[in-house]
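J.: sequence plus the predicted model coming up.
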Amino acid sequence: MTTVTDLVELFESEAQRDRPSEQTPDVGIVMGSDSDLDVMADAHDALVDLGFAEVTDYDDPPAGYSFESWVVSAHRTPDLMYAYAETAADRGLDVIIAGAGGKSADLPNMTASLAYPLPVVGVPVQEKSVDSVIGMPTGAPITAVDAGKSYNAGLSAAQFLATGDDDLAERLRELHAEQSDGVADVSRELHERGTPGFRAERD
């Protein structure tokens, strides 16, 4: 059985390792509970769409841009949250995506405070979490997306990295163009089938 202490020690030991940046994750995805995964999986999908690979073994990192995923509860495992956020930069992370639900969705805010100045993109997993996630005081910034929009959080994390990487910026432009073309295809189909035919085809 894995304990919180085990994971705290893992993060601390990874922070001590002197490894080149290409062997460490670029983006961290954390969520307050595995029940948030249905929403947070879209951040995974956005990064994969951009060519990122998920790190599942620190000793066997994938080539190219990568990301990691963890469950870190601000309320149930505060020690783990502190260890994750405070070691993030030393473990090679450049951006963190943090999602949490409920009215007291503190994980994104606390992660942003502890990992500062690393950028953190907050994801309110539910509509009722929005005020909690965006309610940071002046001097403790967080970037946030709308409720449930973790795909946008993945894109935002990549945008931070793309400021210094023309290839990644081009990947972002290509993905945006693909999504725009998809809208155009739907628009033409609606026009040519007419509303009744289009709706019937979708049902």
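T.: Okay, I see it.
J.: in three-state terms, label residue 48 for me.
T.: Following DSSP: H, G, I helix; E, B strand; the rest coil, the label given to residue 48 is helix.
J.: contacts only, for it.
T.: Residue 48 sits next to residue 54 when contact means Cβ atoms under 8 Å, 6 or more residues apart in numbering. C-betas here are computed from N, CA, C, even on glycine.
J.: if we go to 10 Å?
T.: 54, 67, 154 (Cβ atoms under 10 Å, 6 or more residues apart in numbering).
J.: most neighbours out of these, which is it?
T.: Counting neighbours by other Cβ atoms under 10 Å, the top entry in the contacts of residue 48 is residue 154, with 29 neighbours.
J.: tell me what whichever helix in the chain runs longest is packed against?
T.: Criterion DSSP state H: the longest helix present in the chain is helix 166-202. Packing contacts for helix 166-202, counted by 3 or more Cβ pairs under 10 Å, 6 or more residues apart in numbering; DSSP states H and E, involve helix 37-49, helix 150-162.
J.: of these, which stretch is the most buried?
T.: Greatest average neighbour count among these goes to helix 150-162 (a mean of 22), per mean count of other Cβ atoms under 10 Å.
J.: mean confidence score for it?
T.: The average pLDDT within helix 150-162 is 98.
J.: show me this structure divided up by domain.
T.: Annotated domains of the chain cover 4-163, 166-203 [automatic domain parsing].
J.: tell me which residues of the last one come out buried.
T.: Right, the one you point to is domain 166-203. By neighbour count with 16 or more other Cβ atoms under 10 Å, domain 166-203 contains the buried residues 168, 171-172, 175.
J.: right, and the helices and strands packed on helix 166-202 - which one's nearest residue 2?
T.: Among the helices and strands packed on helix 166-202, the nearest to residue 2 by Cβ to Cβ is helix 37-49 (17.5 Å).
J.: hmm, back to that, can you list the helices and strands packed on helix 166-202 in JSON lines and add distance to residue 101?
T.: Output for the helices and strands packed on helix 166-202, formatted as JSON lines (distance: least, Cβ to Cβ, whole Å):
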{"stretch": "helix 37-49", "distance to residue 101": "8"}
{"stretch": "helix 150-162", "distance to residue 101": "12"}
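J.: tell me the two of the buried residues of domain 166-203 that are most distant?
T.: 168 and 175 (10.6 Å).
J.: between those two, what contacts are shared?
T.: With Cβ under 10 Å, 6+ apart as the test, residue 168 and residue 175 both reach 50-51, 158.
J.: just the endpoints, please. Distance across stretch 67-83?
T.: 18 Å (Cα to Cα, to the nearest Å).
J.: what is the rounded mean pLDDT of it?
T.: 96.
J.: check the offset of that stretch from the chain's centre.
T.: 14 Å (Cα atoms, centre = their mean, to the nearest Å).
J.: same deal with stretch 159-178?
T.: 16 Å.
J.: and for it, what's in contact with it?
T.: Contacts of stretch 159-178 (Cβ under 10 Å, 6+ apart): 26-27, 46, 49-52, 64-65, 94-95, 118-119, 121, 143, 155, 158.
J.: please redo it, this time with the cut-off set to 8 Å
T.: 26-27, 49-51, 65, 94-95, 119, 155, 158.
J.: endpoints of stretch 51-70, how far apart?
T.: For stretch 51-70, by Cα to Cα, the gap between its terminal residues amounts to 20 Å.
J.: noted, bye for now.
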